[in-house]
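In: pasting a predicted model and its sequence here:
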Amino acid sequence: MLKIHNSLGGQKEVFVPIRPGEVRMYVCGITVYDYIHLGHARMLSVFDLVQRYLRYSGYRVTFVRNITDIDDKIITRAAALKESWSDLAERFIEAMNVDCERLGLQQPDHEPRATQHITQIIEITQALVAKGMAYVAGNGDVLFAVRKFPAYGLLSGKDIEDLRSGARVQVDAGKNDPLDFVLWKPAKPGEPAWDSPWGAGRPGWHIECSAMSMQVLGPHFDIHGGGMDLKFPHHENEIAQSCGACDTKFVNVWMHNGFVRINDEKMSKSLHNFFTVRDVLDTLRDPEVMRLFLLSSHYRGPINYSQAQLDQADETLLGFYRALQDAPAGGTPSAAVLAQFREAMDDDFNTPEALAVAQGAARELNAAKARGEEAAAQAGAASLRAIGAVLGLFQQDPHDYLKRGLKSGSLADADIDVLLKQRRAARQARDFALSDKIRDQLAAAGVLLEDKPGGATQWRRA
Ligand SMILES: [Zn+2]
């Protein structure tokens, strides 16, 4: 019996699909204006795992993850790079696809793009205007009237009056209420624009997810996921738009994954601890190390990224592959082990517990190998591979995996830069044990550091 924590209500609930045997699931995807970072990797991996486990549990799953390919950030970045906004979006979609493949993610069943759903966006906006739930403001923006939707704030548990009084700054933008948000905005000269009943313009961000989820999954579906930072206002606004336009229930279960912290600090460009997925993957023995690291924490809690944690994930994964090495083929997984695995995963996708079950299977496998018990070793290996197939781990040839060394001794400049960034972050966090460890790792690879006054570090090859 699968239980999922529902952000709407804040409880673990027994999962009951709307249509028996079928799950329809929508996840807010990437705004494509840069390479994806570790926070994205976590969100992508968490919901990849959710859909894998739902399929393993026997559901027919329709998994939709959108791409935001029109947005202020895309327009601003494209202008800065003197590139067309659509070329920039296309370039980062391709980069995202490469990174997703390296992360071992399965393709969503549908990957709609905002710019391909402008018609639906306009239709929903028209419906909301017709019902008096949206209006054209003085500056030409079409805004959602939050006061017309009494359930606003239910998902995030925010006190709407507090928000209202704290946000009065934007009243002069022609808003009737400071909480009203943009559905459609007129384009400025030179900006991408589509024709609409309100003149040439483009959609606001929130409306695209209402339009795309409704188009592919219908107005009422089972699971909506995203990072915790999207709960408010993005998901709150999606509920207001979709329920406002359709008068049906929108989503049964809201799932939100926790943040990634770097050496116990918030990840941000200003703290110089901002890592792209591709930079980190380039420093690892194998991208699977990243997946194991991300699944080692429960999806709802924060996860702390540090070199030490990655090293530990690397060691753990080596242990699994050593157990599988020279294990006899054939055999069937142990029913008892799979039952434990399902029990862990049925408890709100408890991956740390599921990995503990896998560790137990690896220990049994090692013991059976040591005692020369062929049948027990076969069953242990089969159990481990079966669990790994759901988690997206342990599917490589163990001999190939174990031959692969760390990239020490031949660190590329980019790898060294990543380690130096991590070391700087560790020093700022006064984690000198970690900073020394990184220095030693670099020294072992023949890279010598010289710390300069003012915090800068120079490096050279020995
Ligand atoms: Zn969204």
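Out: Cool, the structure landed.

In: mind listing what's buried along the lengthiest helix in the chain?
Out: The helix that spans the most residues within the chain, counting by DSSP state H, is helix 351-371. Buried positions in helix 351-371, judged by neighbour count with 16 or more other C-beta atoms under 10 Å: 351, 353-355, 357-358, 360-362, 364-366, 368-369. Quick note: C-beta positions are derived from backbone N, CA and C, even for glycine.

In: repeat for stretch 305-319
Out: Neighbour counts using 16+ other C-beta under 10 Å place Tyr305, Ser306, Gln307, Ala308, Leu310, Ala313, Asp314, Thr316, Leu317, Leu318 of stretch 305-319 among the buried residues.

In: stretch 267-285 now?
Out: Applying 16+ other C-beta under 10 Å to stretch 267-285 flags 267, 273-277, 279-285 as buried.

In: next step: those residues restricted to helices.
Out: Val277, Asp279, Val280, Leu281.

In: if I look at the second one, how far off is Arg77?
Out: Right, Asp279. Distance, Asp279 to Arg77, using C-beta to C-beta, to the nearest Å: 19 Å.

In: can you check the first one too?
Out: Val277 sits at a distance of 18 Å from Arg77 (criterion: C-beta to C-beta).

In: what do you get for the last one?
Out: Leu281 sits 23 Å away from Arg77, going by C-beta to C-beta.

In: over to Glu208?
Out: 18 Å.

In: for those two, work out which one has more neighbours and name it.
Out: When neighbours are counted by other C-beta atoms under 10 Å, Glu208 and Arg77 differ, and Glu208 comes out ahead with 27 against 18.

In: close enough to count as contact, that one and Ile67?
Out: No - using C-beta atoms under 8 Å, Glu208 is not in contact with Ile67, being 9.7 Å away.

In: over to Ile4. Which of the three states is it?
Out: Recorded secondary structure, Ile4: strand (DSSP: H, G, I helix; E, B strand; the rest coil).

In: quick check: bridge partners of it?
Out: Glu13 (DSSP bridges).

In: quick one: contacts for it?
Out: Lys12, Glu13, Phe15, Ile223, Val253, Met255, Asp348, Phe349 (C-beta atoms under 8 Å, 6 or more residues apart in numbering).

In: now Ala89
Out: So Ala89 contacts Val32, Tyr33, Asp69, Ile70, Ile74 (C-beta under 8 Å, 6+ apart).

In: try it again with 10 Å
Out: 31-33, 67-71, 74-75, 77-78, 83, 113-115 (C-beta atoms under 10 Å, 6 or more residues apart in numbering).

In: spit out the residues that contact Glu208 and Ile67 alike.
Out: Pro112, Arg113, Ala114, Thr115.

In: give me the neighbour count for Cys28.
Out: Cys28 has 23 nearby residues by other C-beta under 10 Å.

In: you'd agree it is in a strand?
Out: Yes - counting by three-state DSSP, Cys28 is found in a strand.

In: report the beta-bridge partners for the closest residue to it other than its chain neighbours.
Out: Spatial nearest neighbour of Cys28, chain neighbours left out: Gly226 (3.9 Å); criterion: C-beta to C-beta, 6 or more residues apart in numbering. In this entry, Gly226 is beta-bridged to His256, by DSSP bridges.

In: OK, contacts around Val182?
Out: 134, 137, 141-144, 173, 175, 201-207, 237.

In: make that Asp264, sorry
Out: By C-beta under 10 Å, 6+ apart, the residues touching Asp264 are Pro302, Asn304, Tyr305, Ser306, Ala425, Ala426, Ala429, Asp431.

In: mind listing what's buried along the host helix or strand of Ile387?
Out: Here Ile387 sits within helix 374-391, counting by DSSP states H and E. Neighbour-count burial for helix 374-391 flags 376-388, 390-391 (criterion: 16+ other C-beta under 10 Å).

In: re the thing from before, and which of the buried residues of helix 351-371 is nearest to Ile416?
Out: Nearest to Ile416, judged by C-beta to C-beta, of those is Leu355 at 31.1 Å.

In: I'd assumed Phe349 was in contact with that closest one.
Out: No - assessed by C-beta atoms under 10 Å, Leu355 is found out of contact with Phe349, at 11.9 Å.

In: common neighbours of these two, please.
Out: Leu295.

In: list the contacts for the closest residue to the ion within the stretch 101-250 of the chain?
Out: Here the residue of the stretch 101-250 of the chain nearest the ion is Cys209; by C-beta to the ion that distance is 3.2 Å. Cys209 sits next to 26-29, 64, 66, 68, 112, 114, 117, 224, 226, 230, 234-235, 237-238, 241-242 when contact means C-beta under 10 Å, 6+ apart.

In: among these, which ones are in strands?
Out: Of the contacts of Cys209, the ones assigned to strands by DSSP state E are Tyr26, Val27, Cys28, Gly29, Val64, Asn66, Thr68, His224, Gly226.

In: and the ion, which of those reach it?
Out: Taking C-beta under 5 Å from the ion as the test, the ion is in contact with Cys28 out of those.

In: for the ones in strands among the contacts of Cys209, give me a markdown table that also has pLDDT.
Out: Formatted as a markdown table, these follow (pLDDT from 0 to 100):
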| residue | pLDDT |
| --- | --- |
| Tyr26 | 98 |
| Val27 | 98 |
| Cys28 | 98 |
| Gly29 | 97 |
| Val64 | 98 |
| Asn66 | 98 |
| Thr68 | 97 |
| His224 | 98 |
| Gly226 | 98 |
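
In: ok, so of the ones in strands among the contacts of Cys209, who is nearest the ion?
Out: Nearest to the ion among the ones in strands among the contacts of Cys209, with distances taken as C-beta to the ion, is Cys28, at 3.2 Å.

In: ok, now which ones touch the residue lying closest to Ala137 once chain neighbours are set aside?
Out: Closest residue to Ala137 apart from its sequence neighbours, by C-beta to C-beta, 6+ apart: Gly174 at 3.4 Å. Neighbouring residues of Gly174 by C-beta under 10 Å, 6+ apart: Tyr135, Val136, Ala137, Gly138, Asn139, Gly140, Asp141, Leu143, Asp180.
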